[in-house]
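Undergrad: Starting from these lines, generate the structure:
(2 chains)
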Amino acid sequence: MSATGSLSVRKATAEPRWVRWTLTAVGLGFLFFFLGLPLLAVFVEAFAAGMPKYLEALADPEARSAIWLTLFVALFVLPFNVIFGVAAAWAIAKFEFRGKSLLVTLIDLPFAVSPVVAGLVFILIFGAQGVFGPWLAAHDIKVVFALPGIIIATLFITFPFVARELIPLMQAQGKDEEEAAVSLGATGWQMFRRVTLPNIKWGLLYGVILANARAMGEFGAVSVVSGHIRGETNTLPLHVEILYNEYNQVGAFASASVLALLALVTLVAKTVVEWRMRKETETLDAALPPEKTE
Amino acid sequence: MQRRVLPGFGLSLGYTLVYLSLLILLPLSGLAFKASSLSFDQFWDIATGERALASYRVTFGASLAAAAINGVFGLVVAWMLVRYPFPGKRFVDALVDLPFALPTAVAGITLATLYAGNGWIGRHLEAFGWKVAYTPYGIVVALTFIGLPFVVRTLQPVIEDIEPEIEEAAASLGASRLQTFVRVLLPAIFPALLTGVTLAFSRAVGEYGSVIFIAGNMPLISEITPLLIISKLEQYDVVGATALAIVMLVLSFILLLAVNTLQWWAANRHKATSGEAR
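TA: Next up, the predicted model:
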């Protein structure tokens, strides 16, 4: 289009200008009403009664303990997801074995299961009438309606994220580099630290960012297993629910704004990592000779 | 059998299988175990009770409506993001992922506040006599919010990958832009569109957090199945909750299978159009 100057000639493979403008307007309008306005509303509602009330709502001991609990659970779950994600991706991407596609499907399972069903499952196992219920009660161990239940439910919900990011990435990278490392005498750990990890670090970080956002925001599954004990087993999303149901609009939105801020940080981090990943593939593509197509 | 050069196969696969079994498979089979204490007739009575049937209707109807809305507007948004230049595009592109990043409870209370009778949007809709919050329409709004990125993010790479040659060929053979879109581009995008819509639908069916605040939760009218499971659980009707959970779980399996089949179809189709196969 740029070379045509003042002539109003349209490329045959582009839409007429009025179509482009209409579609852009419709698309942006839709995003504004469904994404932009809600995001704006969270902060407007949170500050509706002024800054002092906002800070007061966040200084509330119950809000404080909810924030700490949410951060603690997210941090606790992180290493489990990383270790599983790397192990699963290593086995799936670098080796051939029977039942691989079934395994990949099973890893996706927690995405398909309703969070409420996920929560219920752990009530059936660890709850008072559950499989291990009597044994746990006899040994005075609390799982459901306590911290362990929240952690287990979060582990279930965030299970696929890291593996899902790493599997296609490691498949695309192939195994030549690792094989070279091993044949030159590297031990398994050396190969992993010097070759694999640098190759997958951005993908790994990307998966961790997504898993972390979900861990901090999970509501359905955690709501079933937490028991909603104030100041003890209330995560920040559950705290938001309780305040909202008590018609404490400012309090609910003050806590919600913390979560929305975390969501914005997630989006920025995600965009930066995506950008880094794209740059890395581009430099890699430029450095390598063009691959032959089969 | 080929000798494996790389180390760690047994360890990584073993760990994967043990962790998967302990955290996902055994717990889910616990559901089936609990349900086995029911006779089939009992199960059927619970699963097809009046309130249960109404909740399926609400859940599926709203999920389908939301997925359809996302199918149309998600296609427009994805097309716009790939093909048209406009200021602030990077920002808008990043914003599309907001529903993935924003906790569902926050989305729920915010949408409920926006669409309530005195809210920024609800105020204007009610002037036309259209109540959205605390009705089934509210559920559709929440599920549309939740499902949008699935459609856009599935479509974007596929639209980016369309070879300009096929559009040029269509145009040089005398097709109008609309004809090119309907006859050439849409068939190439379609499998991805369907995959995205199915993903959005499957997420919507199980969604809980964003819906309950805006739904009104009236039994038989605006009560979704996940909420019915929770309310049974709160009345200590564990067996009833389990029966409904089984229904939802079977459905999730079917949808997961459908998504996998669609993705396989889309991948093959893609190969065929880019000229590698045949």
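Undergrad: Which residue, other than its chain neighbours, is closest to the residue of the stretch 151-278 of chain B found nearest chain A?
TA: The minimum distance from the stretch 151-278 of chain B to chain A, using C-beta to the nearest C-beta, falls at B:Gly206 (2.9 Å). No exception for glycine: its C-beta is placed from N, CA and C like everyone else's. The shortest distance from B:Gly206 to any residue other than its chain neighbours is 2.9 Å, reached at A:Ser114 (C-beta to C-beta, 6 or more residues apart in numbering or on different chains).
Undergrad: number of nearby residues for that neighbour?
TA: 26 (other C-beta atoms under 10 Å in any protein chain shown).
Undergrad: Can you name the residues that contact it?
TA: A:220, B:205-208, B:226, B:248, B:252 (C-beta atoms under 8 Å, 6 or more residues apart in numbering or on different chains).
Undergrad: one more time with 10 Å, if that's ok
TA: Applying C-beta atoms under 10 Å, 6 or more residues apart in numbering or on different chains to A:Ser114 gives the contacts A:120, A:220-221, B:59, B:202-203, B:205-208, B:224-226, B:229, B:245, B:248-249, B:251-252.
Undergrad: Just give the number of residues close to the residue of the stretch 1-150 of chain B found nearest chain A.
TA: In the stretch 1-150 of chain B, the residue that lies nearest chain A is B:Pro103 (2.9 Å; C-beta to the nearest C-beta). B:Pro103: 25 surrounding residues under other C-beta under 10 Å.
Undergrad: ditto for A:Ala14
TA: 15.
Undergrad: helix, strand or coil for it?
TA: coil (DSSP: H, G, I helix; E, B strand; the rest coil).
Undergrad: Would you check that it makes contact with B:Phe181?
TA: No: using C-beta atoms under 10 Å, A:Ala14 is not in contact with B:Phe181, being 11.4 Å away.
Undergrad: Touching both of these two, which residues are there?
TA: Joint contacts of A:Ala14 and B:Phe181 (C-beta under 10 Å, 6+ apart) are B:Glu167.
Undergrad: Let me see the contact set for whatever residue of the stretch 151-294 of chain A ends up closest to chain B.
TA: In the stretch 151-294 of chain A, the residue that lies nearest chain B is A:Gly217 (2.9 Å; C-beta to the nearest C-beta). A:Gly217 makes contacts with A:70, A:74, A:157, A:235-237, A:259-260, A:262-263, A:266, B:100-107, B:209, as judged by C-beta under 10 Å, 6+ apart.
Undergrad: switch the cut-off to 6 Å
TA: B:Pro103 (C-beta atoms under 6 Å, 6 or more residues apart in numbering or on different chains).
Undergrad: Neighbours of residue 222, how many?
TA: Just going to use chain A. Counted with other C-beta under 10 Å, A:Val222 comes out at 29.
Undergrad: should've been chain B
TA: Counted with other C-beta under 10 Å, B:Ser222 comes out at 23.
Undergrad: Verify the stated contact: it with B:Ile214.
TA: No: at 9.2 Å, B:Ser222 does not count as touching B:Ile214 under the criterion of C-beta atoms under 6 Å.
Undergrad: In strands only, show me the contacts of A:Ser114.
TA: Secondary structure assignment by DSSP state E places none of these in strands.
Undergrad: Grab the most central residue of the chain for me.
TA: Here I'm looking at chain A. A:Leu210 (2.2 Å; C-alpha atoms, centre = their mean).
Undergrad: oops, chain B please
TA: Note: chain B centre (C-alpha atoms, centre = their mean) maps to B:Ala200, 1.8 Å.
Undergrad: Using the three-state scheme, assign A:Asn234.
TA: Applying three-state DSSP: A:Asn234 is coil.
Undergrad: so it sits right up against A:Arg64, yeah?
TA: No: checked against C-beta under 6 Å, the pair A:Asn234 and A:Arg64 is beyond contact range at 11.0 Å.
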